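Participant: next comes the sequence, and after it the predicted model I'd like to discuss.
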Amino acid sequence: MSAIRSRWKALLLLTYLAVAAHSIYAQSPSSQVFDATQIQAPTSLDGPWRMHAGDNPDWARPDFGDTQWTAVDLSRSLADYLPDHPNIVWYRLQLRVLPSQTHFAIEETGLAPAFEIYVNGQRLLTNGSIMPYRPYTSEAKLVVPISDSDIATGSIEIALRIAVLPAEWRNATPGLASGQITLGEQSTLENRIWLEQISQNIGTSLVHIIGICVGSVGLALFIAQRRRREYLWIGLTGVFDVLFFFRESFVASHNIPLWSMATSRLMESLWELILIGLGLSFVHFRIKPWMALIVGLASITELIGMVGGDLFWVTSFVSNITFLPIVQIVFIAVPIVMIIHFRRGNREAGILILPWVAQTILVEFEQVTYCLAQIPSLGSAATAFHDRIAVYHFGPFQFDLGNIIDTLVMASLGMILVWRSIRTSQQQTRTESELEAAREIQQLILPDTIESAKSIAGFAIDSVYKPAQQVGGDFYQILPDAHGGLLLIIGDVAGKGMPAAMLVAVLVGAARTLARFTSDPAEILQEMNRRLLGRSGGGFSTCLAAHIDTNGAIKLANAGHLSPYMDGHEVDIPGALPLGITADPDYELCAFQLEPGSRLTFYSDGVVEAQNKQREILGFDRARRLSTRTAEEIVQAVCDFGQEDDITVVILERT
């Protein structure tokens with residue numbers, strides 16, 4: 001019995017000592033803990049944190065005694081506690097948890113450019129480097145899991161090691177601030193972050209997507225119409241929307257070296273220059289050298305200020321001040337130029353004025369509210385007023401007024417493109433009607449093969465004319481003379497389309513007129529040359545004229561045209577300069593005989609210059625071999641090979 005009593009006394013003594021130790025621990029400053037046993041949703045760890053200046057790796061250990069450390073209120077500035085502004089500050093917080101609370105994680109955002117987070121002495125998360133100092137961005141929301149073995153101990157000691165640069169002490173909240181460390185279940189934290197990103201950034205993402213679509217159309221139009229510089233600026237906005245979209249998507253979930261933000265800031269400066277070019281291109285305003293110098297200096301000043309603010313070389317207030325000059329150019333000077341040109345009748349400038357002026361008002365409003373927010377007594381009121389005016393919520397989604405105005409800008413650009421497309425379509429319809437009329441007229445001035453064959457006895461004529469476009473630059477005439485023979489004229493005007501077709505009309509009219517007075521091929525070419533000089537705009541035309549008598553005697557003169565083929569063999573004739581090159585050319589006559597049953601095949605250069613998909617030219621050898629076929633077969637073979645130019649084939653056979 002005495003042994004049992006002794007054991008009971010010992011047990012009671014141990015219980016008393018344990019209760020006393022717990023009571024003493026609970027009353028000590030270091031015993032202040034954050035009770036996480038009842039957490040059901042993500043919870044911000046706002047205290048009770050303890051803080052100490054300096055640096056010691058032992059301060060991360062869970063058994064380190066921090067009773068002498070300073071308890072901090074995160075709503076106050078760290079400068080109130082540490083007036084000497086040290087470079088490194090440590091924070092510690094003890095959490096009480098249940099062993100059953102598995103899959104816990106810590107969410108961090110906006111803590112510092114360089115920090116380390118420890119849990120029970122183990123480093124859980126690093127951002128940048130403290131020694132040597134290499135800062136990273138800190139806007140991303142990062143989630144790191146806490147090991148279940150640490151949870152099983154029932155107690156978690158969180159230690160933060162934070163680098164605080166001298167420039168950071170000038171900010172409102174250097175070091176740890178409320179809402180920067182959150183505790184919760186890992187999947188819940190991750191899902192919440194994704195929902196927040198979608199909710200907060202859906203407006204910006206939609207603007208980027210619309211900008212990409214409009215920019216793609218602008219870029220495609222610029223490729224087709226290189227002289228329209230405004231399409232290039234629209235295309236560049238689409239390119240930068242792609243860059244901004246991927247940049248914002250990446251930095252939302254990743255912290256990156258702070259020096260790399262210089263690239264991002266350069267993109268922002270270039271974006272403002274693109275806005276200037278875009279606005280001025282629609283009013284065809286040319287920037288003078290002194291204007292370009294001012295814009296360049298303003299852009300460089302802004303870039304230096306933004307990079308300096310990112311790297312804490314200057315305060316955020318100074319960084320924003322450097323933004324003002326370029327802002328006044330983009331959102332004051334450019335809309336003034338638009339208004340001036342709109343009053344002069346530029347409708348496109350009028351379409352852009354409204355959203356651009358709305359952007360101007362918003363930017364100036366944001367600048368004013370930012371300056372007011374720097375005044376301690378007005379800071380919270382100015383921020384609340386800004387959010388009331390510029391931030392809107394539609395269900396779970398958040399839209400900034402800037403998103404709405406940016407959408408209006410993109411919509412106005414799209415409206416201009418649609419308006420231009422309608423005008424272009426109308427002009428194209430008129431042009432197609434004119435081309436169709438020109439094609440019909442050109443068909444009228446070309447000879448009809450069947451009628452020609454009936455009117456010229458003793459000869460069989462076969463011809464096909466196939467222009468590369470609706471109207472072409474090839475021409476030929478088959479004209480009977482007063483003695484039963486015929487005059488054949490074939491040529492090719494340099495170029496395609498309407499200009500070439502108009503010169504064809506001139507040459508055909510001249511040929512028909514000259515044929516009434518002479519059948520001499522050389523004389524006809526000389527007169528046609530005189531008619532073409534001064535009317536071709538520097539162009540020229542090849543031409544070949546041949547007179548065939550009833551007995552088959554042929555007299556032929558050539559002005560740079562392809563030689564004909566007789567029964568599959570090329571006729572050797574002297575060449576000369578094309579029409580329209582010189583005022584006094586010498587066209588030499590060539591004479592030979594066309595026997596009964598023989599045939600002459602005349603080509604335009606569209607036959608020999610045909611190209612296939614491998615860029616291989618049909619050439620003279622193939623053209624010679626084709627010359628014994630019918631005109632329709634020759635043209636079909638050339639088209640199958642690959643038509644590049646107008647094709648004319650005329651075959652004359654003596655029967």
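Facilitator: In hand now; what should we look at? Numbers count the residues shown, from 1 in each chain.
Participant: nearest residue to residue 230 other than its sequence neighbours?
Facilitator: residue 281 (3.9 Å; Cβ to Cβ, 6 or more residues apart in numbering). From N, CA and C alone the C-beta is placed, and that goes for glycine too.
Participant: next up, the contacts around the one you found.
Facilitator: Each residue near residue 281 by Cβ atoms under 8 Å, 6 or more residues apart in numbering is listed here: 229-230, 232-233.
Participant: again, 6 Å this time
Facilitator: 229-230, 233 (Cβ atoms under 6 Å, 6 or more residues apart in numbering).
Participant: pipe those into JSON lines and attach secondary structure per row.
Facilitator: Conversion of the contacts of residue 281 to JSON lines gives the following (DSSP: H, G, I helix; E, B strand; the rest coil):
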{"residue": "229", "secondary structure": "helix"}
{"residue": "230", "secondary structure": "helix"}
{"residue": "233", "secondary structure": "helix"}
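Participant: between those residues, which sits nearest residue 479?
Facilitator: Proximity of the contacts of residue 281 to residue 479 (Cβ to Cβ) peaks at residue 229, which lies at 51.3 Å.
Participant: quick one: neighbours of the closest one, just the number.
Facilitator: Neighbourhood size, residue 229 [other Cβ atoms under 10 Å]: 16.
Participant: just give the nearest non-adjacent residue to the spatially most central residue of the chain, would you?
Facilitator: The chain has residue 239 as the residue nearest its centroid, 2.2 Å off, counting by Cα atoms, centre = their mean. Leaving out its chain neighbours, the residue that sits closest to residue 239 by Cβ to Cβ, 6+ apart is residue 215, at 6.3 Å.
Participant: now do that neighbour against residue 204, distance only.
Facilitator: When distance is defined by Cβ to Cβ, to the nearest Å, residue 215 is 16 Å away from residue 204.
Participant: next: residue 419.
Facilitator: Plainly put, residue 419 is 27 Å away from residue 204 if you go by Cβ to Cβ.
Participant: looking at those two, which one has more neighbours?
Facilitator: residue 204 (18 against 13).
Participant: check contacts around that one.
Facilitator: The neighbourhood of residue 204, defined by Cβ under 6 Å, 6+ apart, consists of residue 403.
Participant: element containing it, please.
Facilitator: Residue 204 is part of helix 186-224, with elements assigned from DSSP states H and E.
Participant: ok, residue 96 touching residue 35?
Facilitator: Yes - shown here, residue 96 and residue 35 form a contact pair, counting by Cβ atoms under 6 Å, at 5.2 Å.
Participant: how about the residue nearest to the centre of the chain, phi and psi?
Facilitator: phi -60, psi -40 (degrees, to the nearest 10).
Participant: quick check: pLDDT value at it.
Facilitator: pLDDT, residue 239: 93.
Participant: just residue 15 next, same as before
Facilitator: With respect to pLDDT, residue 15 has a value of 42.
Participant: can you give me the neighbour number for residue 123?
Facilitator: 12.
Participant: wait, a strand at it?
Facilitator: Yes - under three-state DSSP, residue 123 sits within a strand.
Participant: please report how far it lies from residue 110.
Facilitator: Applying Cβ to Cβ, the value for residue 123 to residue 110 is 20 Å.
Participant: just residue 317 next, same as before
Facilitator: Distance, residue 317 to residue 110, by Cβ to Cβ: 19 Å.
Participant: same thing with residue 392?
Facilitator: For residue 392 relative to residue 110 (Cβ to Cβ), the value is 24 Å.
Participant: residues contacting the closest residue to residue 593 other than its chain neighbours?
Facilitator: With sequence-adjacent residues excluded and distances taken as Cβ to Cβ, 6+ apart, residue 593 is closest to residue 552, at 5.4 Å. Going by Cβ under 6 Å, 6+ apart, residue 552 touches 593-594, 654.
Participant: just residue 102 next, same as before
Facilitator: residue 148.
Participant: swap in residue 158?
Facilitator: 93, 119.
Participant: wait, is residue 277 part of a helix?
Facilitator: Yes - under three-state DSSP, residue 277 sits within a helix.
Participant: and it, what pLDDT?
Facilitator: In this prediction residue 277 is given a pLDDT of 93.
Participant: that one: neighbouring residues, count only.
Facilitator: Neighbour tally, residue 277, other Cβ under 10 Å: 18.
Participant: for residue 290, same thing?
Facilitator: By the criterion of other Cβ under 10 Å, residue 290 has 8 neighbours.
Participant: so between residue 96 and residue 35, which is more surrounded?
Facilitator: Higher neighbour count among residue 96 and residue 35: residue 96, with 13 against 9, using other Cβ under 10 Å.
Participant: hmm, back to that, filter the contacts of residue 552 down to just the ones in strands.
Facilitator: Cross-referencing the contacts of residue 552 against strands under DSSP state E gives 593, 654.
Participant: any chance of the contacts of residue 552 in JSON lines, plus neighbour count and distance to residue 468?
Facilitator: Shown next, in JSON lines, are these (neighbours: other Cβ atoms under 10 Å; distance: Cβ to Cβ, whole Å):
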{"residue": "593", "neighbour count": "12", "distance to residue 468": "35"}
{"residue": "594", "neighbour count": "21", "distance to residue 468": "31"}
{"residue": "654", "neighbour count": "19", "distance to residue 468": "32"}
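Participant: adding distance to residue 41 and pLDDT, write the contacts of residue 552 out as TSV.
Facilitator: Shown next, in TSV, are the contacts of residue 552 (distance: Cβ to Cβ, whole Å; pLDDT from 0 to 100):
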residue	distance to residue 41	pLDDT
593	107	91
594	103	89
654	103	86
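Participant: between the contacts of residue 552, which is closest to residue 352?
Facilitator: residue 594 (70.3 Å).
Participant: which residue sits closest to that closest one, ignoring its sequence neighbours?
Facilitator: Sequence neighbours aside, residue 552 is the residue nearest to residue 594 in space, at 4.1 Å (criterion: Cβ to Cβ, 6+ apart).
Participant: just the pLDDT for that neighbour.
Facilitator: Residue 552 is given a pLDDT of 88.
Participant: same check on residue 294?
Facilitator: For residue 294, pLDDT reads 93.
Participant: and the helix or strand containing it, what does it pack against?
Facilitator: Using DSSP H and E, residue 294 sits in helix 289-310. For helix 289-310, the helices and strands in contact under the criterion 3 or more Cβ pairs under 6 Å, 6 or more residues apart in numbering; DSSP states H and E are helix 261-281, helix 316-321, helix 324-328.
Participant: lowest-confidence stretch among these?
Facilitator: helix 316-321 (a mean of 80).
Participant: could you export it as CSV, CA atoms only?
Facilitator: Output of helix 316-321 as CSV, limited to C-alpha atoms (Å, rounded to 0.1, in the frame of the first residue of the first chain):
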residue,chain,number,x,y,z
SER,A,316,7.3,55.5,-56.1
PHE,A,317,6.1,59.2,-56.0
VAL,A,318,9.2,60.3,-58.0
SER,A,319,8.7,57.4,-60.4
ASN,A,320,5.2,58.5,-61.1
ILE,A,321,6.3,62.1,-61.6
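Participant: please enumerate residues in contact with that helix?
Facilitator: 305-306, 309, 374.
Participant: repeat that for 8 Å
Facilitator: Contacts of helix 316-321 (Cβ under 8 Å, 6+ apart): 171, 305-306, 308-309, 367, 370, 374.
Participant: in that helix, which residues are buried?
Facilitator: By neighbour count with 16 or more other Cβ atoms under 10 Å, helix 316-321 contains the buried residues 316, 319-321.
Participant: got the domain ranges for this protein?
Facilitator: 6-189, 259-437, 452-654 (automatic domain parsing).
Participant: ramachandran angles for residue 483?
Facilitator: Here the main-chain torsion angles of residue 483 (degrees, to the nearest 10) amount to phi -110, psi 10.
Participant: which non-adjacent residue is nearest it?
Facilitator: Distance criterion Cβ to Cβ, 6+ apart; nearest residue to residue 483, sequence neighbours excluded, is residue 550 at 7.0 Å.
Participant: now do the contacts for the one you found.
Facilitator: Taking Cβ under 8 Å, 6+ apart as the test, what residue 550 contacts is 458, 483-485.
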